[in-house]
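>>> Could you work out the structure for the sequence below:
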Amino acid sequence: MSDSPLPLYHKVYLLLKQRLEAGGFATDRAMPGENALAAEYGVSRLTIRRSLDALAADGLIERRQGRGTFAAAPATFPGPQHGAGMDALMAHLARMGMHTQVRLLELETAPATPLVAARLELPPGAPVQRAVRVRSHEGQPFSHLTTFVPDDIGQRIRREDLDAKPLLAIFRDLGVRVARAEQSMSAVLAEPGIAELLDVPVGSALLSLHRVVRDASGRPVEWLHARYRPDRYEYRMNMQAHDMPGQPTWLPAASTTAETDASAT
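The predicted structure is shown next:
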C-alpha cells in the first residue's frame, strides 16, 4: 500500500467499497474469507476484519450465520445521460490506435452478472464476451480496459483484432452502426491486480470511466470500464456558454478529447 495519512483499515475499506459498488463480488455467493482478503491486499486479518465491520455498518455487505459474508444487492442505476459525439470519439480512437500499444490479457464468453446485464439491457446470465486489455504508450502502461459485448456481436470479434484495434473500430469493420454513448467519470483507488498491471502502488488514485455504447437503434453494444493513470492520461473538454432560462450556464462543445501525456514520467 502507498503512503497515506488514512488509517490502513480505512484504506482497505475504500478499496473494498469501490469493488462492491462496481459489482466485483457476486451477491449469490460468499465473498472470499478474511485470510484470502488479507493475502490479496497485503494486510493483516485484523485490518480486514475492521474494514468489513465498516462495510457491514454501511449496509454494503451482509454476514450470514454459517454461510459467510455476501455483497448486498446493488442499488438501482440512474438512467442514461446525454452522450458524446461519435465522430469525435472515432477520431480520438484512431489517433490512439496509431500511437499506443495494446495487450490482450483475457478473452472469454461468460454469463452476464446483474451489473453487466443492466448496463447492456440483457437478462441476467445472458452470454456476453468479456475482454480485458492494457494499453501502453512508449512501453509505459496508462489504461486498463474491461469491455463487455453481447454474444451475437462478440462471436464475430477475433482475438487478433482485439490485439490490434480499438473496439469501436472493430464495430465499424463489422458493420455495427454505433450512434451514441453515455459515459461517467470518477476517481477511484487502484486495486492490487490493476495496480500491478498499471505499475502504480496499491491505493493510488486512478481516473475511472464507464461508457455504454449504443447502435443506431438504441441497443447497447458495449459496456466499457476503463481505469487510467492520471499522470499519463488527460481528458479535455471544451465548453460553450449558453443562455438558459434563469441564468447562463456552461455546456460541452462539440470537440472533447482524451489523450496520453507523452511527456509524463
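>>> List the contacts of the residue nearest in space to the middle of the chain.
Taking CA atoms, centre = their mean, the centroid of the chain lies closest to H225, which sits 2.2 Å from it. Counting by CB atoms under 8 Å, 6 or more residues apart in numbering, H225 touches 22, 145-147, 208-210. Quick note: C-beta positions are derived from backbone N, CA and C, even for glycine.
>>> go on, G23?
Residues near G23 by CB under 8 Å, 6+ apart: 74, 113-116.
>>> Quick check: it vs L14, distance?
In this view, G23 and L14 are 17 Å apart by CB to CB, to the nearest Å.
>>> just R50 next, same as before
For R50, the distance to L14 - CB to CB - is 13 Å.
>>> follow-up on the earlier one: dump the contacts of H225 into a markdown table; add distance to F70 and secondary structure as well.
Formatted as a markdown table, those follow (distance: CB to CB, whole Å; DSSP: H, G, I helix; E, B strand; the rest coil):
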| residue | distance to F70 | secondary structure |
| --- | --- | --- |
| A22 | 16 | coil |
| L145 | 29 | strand |
| T146 | 23 | strand |
| T147 | 27 | strand |
| S208 | 24 | strand |
| L209 | 28 | strand |
| H210 | 24 | strand |
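>>> Throw these into JSON lines and include pLDDT, thanks.
Output for the contacts of H225, formatted as JSON lines (pLDDT from 0 to 100):
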{"residue": "A22", "pLDDT": "79"}
{"residue": "L145", "pLDDT": "95"}
{"residue": "T146", "pLDDT": "96"}
{"residue": "T147", "pLDDT": "97"}
{"residue": "S208", "pLDDT": "93"}
{"residue": "L209", "pLDDT": "92"}
{"residue": "H210", "pLDDT": "94"}
